[in-house]
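Colleague: give the three-dimensional model of this entry:
(2 chains)
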Amino acid sequence: MTSSPTSPTRFATRLLHTGHEQDPTTGAAAVPIYQVSMFDQPGLETPGEFDYARSGNPTRKALEGVLAALDEGAAAFAFGSGMAAVSSVLLLFSAGDHLVVTDDCYGGTYRVLTRVFSRFGLQATFVDTSDPEAVRAALRPNTKALLVESVSNPFLRRTDIAAMARLAQGHGALLIVDNTFLSPCLSRPLSEGADIVIHSATKYLGGHSDVVAGTVAVRTPALAQELGFLQNAVGAVLGPQDCFLLQRGIKTLHVRLERQVRTAKGLAAWLASRPEVRQVFYPDTGAVVSFRLANDALAAPFVESLQLPLLGVSLGAVESIVTVPARHSHASVPAPERERRGITDGLIRFSVGLEDLEDLKEDLARALAQAVRAAA
Amino acid sequence: MKLATALVHAGVRRDPTTGAVAVPIYQSATYQHPALGQSTGYDYSRTRNPTRSALEDALARLEGGSRGLAFSSGMAALHCALQLFGPEDHVLLTEDLYGGTYRLVDRILHVPCTFVDTSNPSAVRDALRPNTRAIVVETPTNPMMRTADIAALAAIARTAGALLIVDNTFLTPWLQRPLELGADLVVHSATKYLAGHNDVVAGALVARDAALGERLAYLQNGVGAILGPQDAYLVIRGLKTLALRMERHQSNAREVAAWLRAHPGVERVFYPGVGGMLSFTVTHAARVPQVLASVQLCLFAESLGGVETLITYPTTQTHADIPAERREALGISDRLLRLSVGIEDSHDIIADLAHALRDPLAAHGA
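Modeller: Next comes the predicted model:
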């Protein structure tokens, strides 16, 4: 949309209206699903906008336009999973380059760095990025990027994006932020100086436990050029059906997150008052709460007694999801490293859904009581 | 379990084989039989399909009924319900109802019917005939937003031995549960708030008692206007955010209604104080084309209940099938516009309307 007296600028409106939401041919209010691999060309000397669907697909283009608007970036790209997004960004670097990475990052990111990209000579140092001094100390002459999670996983420590941006700029390195836990609804790292934002869109952006997808938004046209080249050349693109579902999910991102954060705050306060809970980790934003049970033996009977939340490895859905990081999201981190980080069996990660807060409290209270009985 | 929780868990835990959280889309027409004379419960997808069943069960639970049925459009759902009646029967209907309902009853089904102001229970009682078999009510009405007292109408219907059928499209079970107020059957155009994203065409029926549900299921299977599995899935997905969307639609509609009431170019605002739909008349008919041409955020389209704000001109769009003199008697004038208020930031909706309703003379002078 152009700048008119009514040009929408507020976030809730931007989710719905970015100029990519209507089909120019028919006026259809929903973006058509272009389930197509190639496009008939107008002529030999006059190529059309689209030629082959790995390079560009109208459904994906509409989604990518929305994503760029949400993160206030120059461009955005949709991938087949969050890990495909992370990997495609890591392909910006070369053998001999070095990255500084959030130490309690997602297990899949740790795995791809230490077992895949390490084979191609990309070096990574894992540090506590909530401490800017630790990051500064880890910088090397060949450090080409900081890769940080805005809220770490599973301890939910916040990283100061503006401080990281200053460090990165001073060192001539890129700042890459995995903003999956907060979503552009709660934080927009590009406007705080980050260069690249990654989302596992499977989580809050999709929001309904029914799509696996990843996204990347970049601040500058030069980075857009590079990422666009990699997306097409390596080809980990998101299919049109999933692009459609993701864009549909984004339409309710604002109302979902608002409710989920409110419920998470209520649940974090309630958990802190429970004798069966030793420690609660909640950064006062976002909708994920981690907590440590009074002892590790409570974990299995607790999660198995829960009736409302789903037990599994994801987060950010309309349904609450309970995860035991040691067994699920961080199972790919070696056991000694898990121990060092405090990711024991008694650590629970709770992704707060849209259920009524009272229903969640009742379910948790019952499961905690049953766990105590079972462990006695 | 509270309704907000039930909505979120619609269709969850339906696949014991894999534990998949989302209900699978069973794009299958038929089902293999375990042995002669045995069935898995699914034989042929017109009769029953697991994805559609997940939606139908969720609908029954949300409306507090015993049986939910999903159809390929709102009109297909209503058509199924009206097939309960024949030429010897008589049906009472809300007078300012959706034009498509009027067309179905008047031109296609030829069921003897009377249109009555259902916001007035004694008018309804006076219109009853010995062979009146059903009272079909939209509340709030479309587009004049008049509300009916469902409990009072249920008492009248019960005494007359007629069914009370309520079209709950405008308010949804989040804001109004007619079966709990004594209605027998609820109709939905699920295209609207239930699915909620302007991307599915679907309809639904929910019956209070099992016997009525069974008769309707017989018609659903026999006539076959069922909802396909892809669309059934999208409606389930929509239900998960219904509570949040309805709350935002309603709070935005209240703000927009208050703003319109204070606008000099607006003559009257019709908003019942509940839900996300409102209508208003502009002071001069000449303003209508100006408004429709200059809205930029609001989509000029016929439908309602989606996340995006839609503006509709009932005279030529939704109510064109109602004869002109009848339209005018109901107040559906050439100055009436209907607004389905979306979930955008309310400031942006109001800014768009302010731009569209600006005084053309003042703009020239500037």
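
Colleague: for chain B, what spans make up the helices?
Modeller: Using DSSP state H, the helices found in chain B span residues B:3-8, B:50-63, B:74-82, B:99-103, B:121-127, B:150-160, B:172-175, B:210-223, B:229-239, B:242-261, B:287-294, B:324-330, B:346-356, B:360-365.

Colleague: list the contacts of the second one.
Modeller: Counting by CB atoms under 8 Å, 6 or more residues apart in numbering or on different chains, helix B:50-63 makes contact with B:3, B:6-7, B:10-11, B:14, B:23-26, B:42, B:45, B:65-70, B:168, B:173, B:177-179, B:186, B:188, B:194, B:204, B:206, B:226-227, B:229, B:232-233, B:235-236, B:239, all of which sit outside it. Where C-beta positions appear, they are placed from N, C-alpha and C, glycine not excepted.

Colleague: switch the cut-off to 6 Å
Modeller: Contact partners of helix B:50-63, identified using CB atoms under 6 Å, 6 or more residues apart in numbering or on different chains, comprise B:6, B:10-11, B:14, B:23, B:25-26, B:67-70, B:173, B:179, B:186, B:204, B:206, B:227, B:229, B:232-233, B:235-236, B:239.

Colleague: check the shortest one too.
Modeller: The contact list for helix B:172-175 (CB under 6 Å, 6+ apart) reads B:62, B:63, B:193, B:242, B:243, B:246, B:274.

Colleague: save those residues as CSV, and put in neighbour count and pLDDT too.
Modeller: Shown next, in CSV, are these (neighbours: other CB atoms under 10 Å in any protein chain shown; pLDDT from 0 to 100):
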residue, neighbour count, pLDDT
B:62, 23, 96
B:63, 27, 97
B:193, 30, 97
B:242, 22, 97
B:243, 24, 96
B:246, 22, 98
B:274, 17, 97
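
Colleague: between the residues you listed, which sits nearest residue A:164?
Modeller: residue B:243 (37.6 Å; CB to CB).

Colleague: ok so, going back, report the buried members of the contacts of helix B:50-63.
Modeller: B:6, B:10-11, B:14, B:23, B:25-26, B:67-70, B:173, B:179, B:186, B:204, B:206, B:227, B:229, B:232-233, B:235-236, B:239 (16 or more other CB atoms under 10 Å in any protein chain shown).

Colleague: check residue 8 and give its pLDDT.
Modeller: Picked chain A for this. On pLDDT, residue A:8 comes in at 54.

Colleague: sorry, I should have been clearer: chain B.
Modeller: Per-residue pLDDT puts residue B:8 at 90.

Colleague: surely it meets residue A:355?
Modeller: Yes - between residue B:8 and residue A:355 there is a contact under CB atoms under 6 Å: 5.4 Å.

Colleague: quick check: closest non-adjacent residue to the residue nearest in space to the middle of chain A.
Modeller: Nearest to the mean C-alpha position of chain A, by CA atoms, centre = their mean, lies residue A:180 at 1.9 Å. Closest residue to residue A:180 apart from its sequence neighbours, by CB to CB, 6 or more residues apart in numbering or on different chains: residue A:200 at 4.5 Å.

Colleague: so how far is residue B:297 from residue A:142?
Modeller: 49 Å (CB to CB, to the nearest Å).

Colleague: next: residue B:90.
Modeller: On the measure of CB to CB, residue B:90 and residue B:297 end up 45 Å apart.

Colleague: for the stretch 1-150 of chain B, which residues are neighbours of chain A?
Modeller: B:1, B:2, B:4, B:5, B:8, B:12, B:21, B:22 (CB under 6 Å from any CB of the partner chain).

Colleague: now do the fourth one: how many residues are near it, please.
Modeller: Spelled out, that is residue B:5. 21 (other CB atoms under 10 Å in any protein chain shown).

Colleague: quick check: closest non-adjacent residue to residue B:127.
Modeller: Residue B:127's closest residue in space is residue B:116 (CB to CB, 6+ apart), at 4.5 Å.

Colleague: mind listing what that neighbour touches?
Modeller: B:92, B:95, B:123, B:124, B:127.

Colleague: check the residues you listed for the minimum pLDDT and say which it is.
Modeller: Within the contacts of residue B:116, residue B:95 has the lowest pLDDT, namely 91.

Colleague: list the contacts for that one?
Modeller: The contact partners of residue B:95, by CB under 6 Å, 6+ apart, come to B:115, B:116, B:117.

Colleague: chain B contacts on chain A?
Modeller: Residues of chain A lying near chain B (CB under 6 Å from any CB): A:5-6, A:8, A:10, A:12-13, A:16-17, A:29-30, A:208-210, A:248, A:251-252, A:255, A:259, A:310, A:318-319, A:353-356, A:359.

Colleague: which of the residues you listed are buried?
Modeller: Neighbour-count burial (16+ other CB under 10 Å) applied to the residues of chain A next to chain B gives A:6, A:8, A:12-13, A:16-17, A:29-30, A:208-210, A:248, A:251-252, A:255, A:259, A:310, A:318-319, A:353-356, A:359.

Colleague: just the residues you listed: which are in strands?
Modeller: residue A:310 (DSSP state E).

Colleague: pretty sure the residue nearest to residue A:180 is in contact with residue A:80, am I right?
Modeller: No - taking contacts as CB under 6 Å, residue A:200 lies outside contact range of residue A:80: 11.4 Å.

Colleague: and the helix or strand hosting residue A:162, what's buried?
Modeller: Assigned by DSSP states H and E, residue A:162 belongs to helix A:161-171. Within helix A:161-171, the residues scored as buried using 16+ other CB under 10 Å are A:161, A:163, A:164, A:165, A:167, A:168, A:171.

Colleague: next SSE after it?
Modeller: Next along from helix A:161-171, by DSSP H and E: strand A:174-178.

Colleague: which strands and helices sit next to that next one?
Modeller: Using 3 or more CB pairs under 6 Å, 6 or more residues apart in numbering or on different chains; DSSP states H and E, the elements in contact with strand A:174-178 are strand A:143-149, helix A:161-171, strand A:196-200.

Colleague: again, only using 10 Å
Modeller: helix A:82-90, strand A:98-102, strand A:143-149, helix A:161-171, strand A:196-200, strand A:214-218 (3 or more CB pairs under 10 Å, 6 or more residues apart in numbering or on different chains; DSSP states H and E).

Colleague: redo these as JSON lines? Include mean pLDDT and distance to residue B:340.
Modeller: Listed next are the helices and strands packed on strand A:174-178 as JSON lines, based on pLDDT from 0 to 100; distance: least, CB to CB, whole Å:
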{"stretch": "helix A:82-90", "mean pLDDT": "95", "distance to residue B:340": "35"}
{"stretch": "strand A:98-102", "mean pLDDT": "97", "distance to residue B:340": "44"}
{"stretch": "strand A:143-149", "mean pLDDT": "97", "distance to residue B:340": "40"}
{"stretch": "helix A:161-171", "mean pLDDT": "97", "distance to residue B:340": "39"}
{"stretch": "strand A:196-200", "mean pLDDT": "97", "distance to residue B:340": "31"}
{"stretch": "strand A:214-218", "mean pLDDT": "98", "distance to residue B:340": "30"}
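
Colleague: follow-up on the earlier one: quick one, which of residue A:142 and residue B:297 is more surrounded?
Modeller: Here residue A:142 and residue B:297 are compared on neighbour count by other CB under 10 Å; more neighbours surround residue B:297, at 26 against 11.

Colleague: what pLDDT is listed against that one?
Modeller: So residue B:297 comes in at 93 (pLDDT).

Colleague: how near is the residue lying closest to it once chain neighbours are set aside to residue B:25?
Modeller: Leaving aside its sequence neighbours, residue B:297 sits nearest to residue B:352 (CB to CB, 6+ apart; 3.9 Å). Residue B:352 is 37 Å from residue B:25, where distance means CB to CB.

Colleague: what does residue B:130 give?
Modeller: 48 Å.

Colleague: for residue B:160, same thing?
Modeller: With CB to CB as the criterion, residue B:160 and residue B:25 are 43 Å apart.

Colleague: count the residues that sit near residue B:304.
Modeller: Neighbour count for residue B:304, taken as other CB under 10 Å: 26.
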